[in-house]
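S.K.: pasted the sequence and its predicted model underneath.
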Amino acid sequence: MAKRTPQSHGGVLSIPQKGETNNPNGRPRKYVSLLKEQGYKLAEVNDCIQAIMSMDMQELKAVWDNPKATVLEKTIAGALRKSLEKGSLYSIDTLLTRVYGKPKETAHITNDGKIEVVFTKGKTIL
């Protein structure tokens, strides 16, 4: 049982004992990790993600409502539906990154500093 310590502001601090955790279930796993655990191959997951992400809202709803849809299809359709309801791009970003990879990032580096070169007895000193 966690030790409860009263604080000066009126709140209570809950300090777990050794071996105890305040978050027993932990962070939920990502969709693709769950699907791989269920036995789907990487190519199947990627093909399904591509197909479902190209659907319109009616087709997405049809997949979700279809009792014969696979767990993979329902999971991806549910993730996209949940993202759309919340107005979040997290699931869409995760699925796109999974299928197509992250875009390359470029960095522009400019150096306006002066480089001084000194020649001394046949040697170059920078």
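M.R.: Received, thanks. Quick caveat, the model's predicted, so the values are computed rather than measured. Numbering: from 1, shown residues only.
S.K.: could you export stretch 41-55 as CSV, CA atoms only?
M.R.: Provided in CSV are the C-alpha atoms of stretch 41-55 (Å, rounded to 0.1, in the frame of the first residue of the first chain):
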residue,chain,number,x,y,z
LYS,A,41,2.9,-10.3,-41.1
LEU,A,42,4.5,-6.9,-41.8
ALA,A,43,3.4,-6.9,-45.5
GLU,A,44,-0.2,-7.7,-44.5
VAL,A,45,-0.3,-4.9,-42.0
ASN,A,46,1.2,-2.4,-44.5
ASP,A,47,-1.2,-3.4,-47.3
CYS,A,48,-4.2,-3.2,-45.0
ILE,A,49,-3.1,0.2,-43.7
GLN,A,50,-2.7,1.6,-47.2
ALA,A,51,-6.1,0.2,-48.3
ILE,A,52,-8.0,1.5,-45.3
MET,A,53,-6.3,5.0,-45.4
SER,A,54,-7.5,5.4,-49.0
MET,A,55,-11.1,4.9,-48.1
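S.K.: check which residues of it are buried.
M.R.: Residues of stretch 41-55 classed as buried: 45-46, 48-49, 52 (neighbour count, 16 or more other C-beta atoms under 10 Å). (Each C-beta comes from the backbone N, C-alpha and C, glycine too.)
S.K.: mind telling me what element the closest residue to residue 55 other than its chain neighbours is part of?
M.R.: In space, and not counting its chain neighbours, residue 55 is closest to residue 63: 7.1 Å by C-beta to C-beta, 6 or more residues apart in numbering. Assigning secondary structure by DSSP states H and E places residue 63 in helix 57-65.
S.K.: show me what that helix is in contact with.
M.R.: Here helix 57-65 makes contact (C-beta atoms under 8 Å, 6 or more residues apart in numbering) with 52, 55, 69, 73-74, 77-78, 80-81, 84.
S.K.: buried residues in the longest helix anywhere in the chain?
M.R.: Identified as the longest helix of the chain according to DSSP state H is helix 71-86. Under the neighbour-count criterion of 16+ other C-beta under 10 Å, helix 71-86 has 72-77, 79-81, 83 buried.
S.K.: that's all I had, so thanks and see you.
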